[in-house]
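Chemist: From the sequence below, what's the structure:
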Amino acid sequence: MADDEAEMYDGARAQFPLSFGKQAKSQTSLELVHNATRRNKTSAAASVTQPADGKLEPSPFPSLSSSSKSWLNSLKNPKSSHDSNSKSKIIGPSRPPAGLSSSNDKEEEEEEDSGIIGPPRPAVDAKTEEDEDGEMIGPPRPPLEEEDGEMIGPPPPPSGSMGSDSEDDMEEEEEQQNQYRIPLSNEIVLKGHTKVVSALTVDHSGSRVLSGSYDYTVRMYDFQGMNARLQSFRQLEPSEGHQVRSLSWSPTADRFLCVTGSAQAKIYDRDGLTLGEFVRGDMYIRDLKNTKGHISGLTCGEWHPKTKETILTSSEDGSLRLWDVNDFKSQKQVIKPKLARPGRVPVTTCAWDREGKSIAGGVGDGSIQIWNLKPGWGSRPDIYVANAHSDDITGVKFSSDGRILLSRSFDGSLKVWDLRQMKEPLKVFDDLPNNYAQTNVAFSPDEQLFITGTSVEKDGTTGGMLCFFDRGKLELVSRVGISPSYSVVQCAWHPRLNQIFATVGDKHEGGTHILYDPTLSERGALVCVARAPRKKSVDDFQAEPVIHNPHALPLFRDQPSRKRQREKELKDPLKSHKPELPITGPGFGGRVGSTKGSLLTQYLLKQGGLIKETWMEEDPREAILKHADAAAKDPKFIAPAYADTQPETLFAEPDAEEEDK
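Modeler: All right, here's what the predicted structure looks like:
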């Protein structure tokens, strides 16, 4: 019995290739894969321009932060980065084997102290070695017989000219890099949207990314299922004709919230299937507290950070609402912000704090209002900051310790607020152009830094950038160029992956840039970049089945259409009983055209061929009486029938008086 089962298994297995179900492994090494995504190839070329005179000039668009240069060097030679004894890195062919004179040993020790880039120098005499001042960079020069002889090749640069920065600056940058650990060396782009990407969220495990755009769609990316093509596995259109403005995962990452320009938010499960849509309110009710839902387009929404049943939304109708995801028919709480004068002012953004005990809202009048969730709380804000910004607020963010609040606005500023003293901001960062209502602020995983994106100005020289700020020193740390022509809208720094997400785009294209470092980041982009697309083989061929439409079979086929038959009958004058139309052309069938009369009799009368027209000249009575004799002698029609009964016809004789008249 066991032998029979083994034979059946072997026979079934023989129908499939040995590689069936196995993921194709990448033939390229990880080092080459990450070299292809390294930012210094494209952005360095974009950051330096070479004019006609041959001099290099820096471009106004920055390519990399200065603190990431040392990471690029460590990636080129990872072994030397772990070796604490080596003081420099030699790039080029290896040195010749040992066994030379003692002077060569001394020369090698001096080479270790000074960095040499390029092939090693050949052995020279001690006299020449003693006279050389400084270090040599580039190919070796040939041995000279005389010290004063002519030198061949470019002159060696002066010592200490390895770069524009001094050694002290490099040490400071390395310390800064070690302190912040910003992953900036490599970059990939998740494409697919046709307009600017305005919404972004990454689940807590870092395996699934959602991006929403002004092209009305939401795209879902999965790092574990993606390969190097970086294609989304699902595309949704939550509300037809409405922009996607906000996305948020639930605390358990099994559902997500989608907020669009419509008045109804939607809940989807992890795979993108619709679970429900919140109700729309009655727009004819004046008091917003009496409506069951929003009556105008939504602006922002966020899931409760701890409770998986509660979400928060803000709207253009001037209210914030708390919802229970198990009841889509009505909201739990309606929050009406405090206004300087009666009216409806839109709430442009909202956010939870880390514990879900406070709500912050940015109102269209430039004010920031904060409500603490406690028993018996109402719409009156606990913290009210009037005129916090001079324009609409696009993003607010609480720190995890509940001490700092960040706010971003259309007025091109980023403000840092102390929640214990909200009268004046701790720091104001200006010159941060912002053209999108979804531009946000994000913290680093350790919250030593916070980041925000900038928009492209019409006459500006810089593109979309990510700006890094130090929370402790309250100063700008670095500006990192993301795109020379697209604005940076949403940004996020995932704590588990240690990767930075930035969404960009304009009216024609949009994408999500992911910045990572192979030595600092984990999973996420590292997984999908190294996974090669599966190659198609001959064994993967599958004949496409022929699908027959049931109505195409004779059994289900409809009766032939009678349309053509009815059209043919309409053209037949006998079957359609249609009167004949007047003829406008040459006559036929005994009829002539209208040019010479429509009847044959008229034609003959006018031509004068058979009947002569005399009625214009003679008396009608006389014309009739001249046929009286012939009718009396040879009656043919009516006269014989009344011959016996008809009285004699008498005609009145004309009087003389009448004739005179």
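Chemist: since we're on Lys626, how many residues are nearby?
Modeler: Look at Lys626: counted by other CB atoms under 10 Å, it has 10 neighbours. Every residue, glycine included, has its C-beta placed from N, CA and C.
Chemist: From Thr307, how far out is it?
Modeler: 121 Å (CB to CB, to the nearest Å).
Chemist: ditto for Ser207
Modeler: Distance, Ser207 to Thr307, by CB to CB: 23 Å.
Chemist: When these two are compared, which one has more neighbours?
Modeler: Between Ser207 and Thr307, counted using other CB under 10 Å, the more crowded position is Ser207 (18 against 14).
Chemist: What residues does the more buried one make contact with?
Modeler: Asp222, Phe223, Gln224, Arg523, Gly524 (CB atoms under 8 Å, 6 or more residues apart in numbering).
Chemist: in the stretch 401-550 of the chain, which spans are helices?
Modeler: Under the criterion DSSP state H, counting those that start in this stretch, helices of the stretch 401-550 of the chain are mapped to 525-529.
Chemist: mind listing the strands for it?
Modeler: Assigned by DSSP state E, counting those that start in this stretch, the stretch 401-550 of the chain shows strands spanning 404-409, 414-418, 427-429, 441-443, 449-453, 464-470, 475-483, 487-494, 499-505, 510-516.
Chemist: looking at the ones you listed, which is buried most?
Modeler: Greatest average neighbour count among the strands of the stretch 401-550 of the chain goes to strand 499-505 (a mean of 27), per mean count of other CB atoms under 10 Å.
Chemist: ok, the residue lying closest to Lys191 once chain neighbours are set aside to Pro375 distance?
Modeler: Spatially, and ignoring its direct neighbours in sequence, Lys191 is nearest to Gly511 (4.6 Å; CB to CB, 6 or more residues apart in numbering). Separation of Gly511 from Pro375 (CB to CB) stands at 46 Å.
Chemist: Backbone dihedrals for Asn290, please?
Modeler: Torsion angles at Asn290 (phi, psi; degrees, to the nearest 10) stand at phi -90, psi 0.
Chemist: do the same with the one 3 residues further on
Modeler: Its backbone dihedrals place Gly293 at phi -170, psi -180, with angles given as degrees, to the nearest 10.
Chemist: so how many other residues sit close to it?
Modeler: Gly293 is flanked by 24 other residues according to other CB under 10 Å.
Chemist: picking that back up, what would the strands of the stretch 401-550 of the chain look like in JSON lines with mean pLDDT and distance to Glu240?
Modeler: Listed next are the strands of the stretch 401-550 of the chain as JSON lines, based on pLDDT from 0 to 100; distance: least, CB to CB, whole Å:
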{"stretch": "strand 404-409", "mean pLDDT": "93", "distance to Glu240": "30"}
{"stretch": "strand 414-418", "mean pLDDT": "93", "distance to Glu240": "35"}
{"stretch": "strand 427-429", "mean pLDDT": "92", "distance to Glu240": "39"}
{"stretch": "strand 441-443", "mean pLDDT": "94", "distance to Glu240": "31"}
{"stretch": "strand 449-453", "mean pLDDT": "93", "distance to Glu240": "28"}
{"stretch": "strand 464-470", "mean pLDDT": "92", "distance to Glu240": "29"}
{"stretch": "strand 475-483", "mean pLDDT": "90", "distance to Glu240": "29"}
{"stretch": "strand 487-494", "mean pLDDT": "93", "distance to Glu240": "22"}
{"stretch": "strand 499-505", "mean pLDDT": "93", "distance to Glu240": "20"}
{"stretch": "strand 510-516", "mean pLDDT": "92", "distance to Glu240": "19"}
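Chemist: Out of those strands, flag the one nearest Glu567.
Modeler: Each of the strands of the stretch 401-550 of the chain has some distance to Glu567 by CB to CB; the shortest is strand 510-516, at 53.5 Å.
Chemist: Quick one: low-confidence residue ranges for this structure.
Modeler: Residues of the chain that meet the criterion pLDDT under 70 lie in 1-28, 40-179, 557-558, 580-616, 637-639, 656-661.
Chemist: Spit out the contact partners of the residue lying closest to Glu522 once chain neighbours are set aside.
Modeler: Sequence neighbours aside, Leu497 is the residue nearest to Glu522 in space, at 5.9 Å (criterion: CB to CB, 6+ apart). With contact taken as CB under 8 Å, 6+ apart, Leu497 is in contact with Val202, Gly206, Tyr516, Ser521, Glu522, Arg523, Gly524, Ala525.
Chemist: measure the fifth one to Pro647 for me?
Modeler: So the one you mean is Glu522. Taking CB to CB, one finds Glu522 at 134 Å from Pro647.
Chemist: Could you do the first one as well?
Modeler: Val202 sits 122 Å away from Pro647, going by CB to CB.
Chemist: Report the strands that pair with the helix or strand hosting Tyr268, each with its relative direction.
Modeler: Secondary structure here is read from DSSP states H and E; on that basis Tyr268 sits in strand 266-269. If you go by DSSP bridges, strand 266-269 pairs up with strand 255-260 (antiparallel), strand 274-277 (antiparallel).
Chemist: out of those strands, deepest packed?
Modeler: Highest mean neighbour count among the strands paired with strand 266-269 (mean count of other CB under 10 Å): strand 255-260, a mean of 24.
Chemist: count of neighbours near Ala532?
Modeler: Neighbours of Ala532 under the rule other CB under 10 Å: 16.
Chemist: give me the number of residues near Asp506?
Modeler: For Asp506, the neighbour count with other CB under 10 Å is 17.
Chemist: any idea how far it lies from Val489?
Modeler: In terms of CB to CB, Asp506 sits 10 Å off from Val489.
Chemist: which neighbours do these two share?
Modeler: With CB under 8 Å, 6+ apart as the test, Asp506 and Val489 both reach Val196.
Chemist: Could you look up the SS state of Gly212?
Modeler: strand (DSSP: H, G, I helix; E, B strand; the rest coil).
Chemist: Look up the closest residue to Phe443, ignoring the ones flanking it.
Modeler: Here the residue nearest Phe443, using CB to CB, 6+ apart, is Phe450, at 5.0 Å.
Chemist: Please name the bridge partners of the one you found.
Modeler: Phe443, Phe469.
Chemist: Quick check: nearest residue in space to Arg219, chain neighbours excluded?
Modeler: Computed as CB to CB, 6+ apart, the closest residue to Arg219 that is not its neighbour in sequence is Ser232, at 4.0 Å.
Chemist: and the one you found, what is it in contact with?
Modeler: Leu190, Gly192, Arg219, Met220, Tyr221.
Chemist: go on, Ile514?
Modeler: Counting by CB under 8 Å, 6+ apart, Ile514 makes contact with Glu187, Ile188, Val189, Leu190, Gln499, Ile500, Phe501, Gly524, Ala525.
Chemist: Of the residues you listed, just say which sits nearest to Leu298.
Modeler: Looking across the contacts of Ile514 and measuring by CB to CB, the closest to Leu298 is Phe501, at 22.5 Å.
Chemist: picking up where we left off before, with neighbour numbers in mind, choose between Val202 and Pro647.
Modeler: Remark: of Val202 and Pro647, Val202 carries more neighbours, 26 against 6, as counted by other CB under 10 Å.
Chemist: Kindly provide the distance from the more buried one to Leu574.
Modeler: Counting by CB to CB - Val202 and Leu574 are separated by 79 Å.
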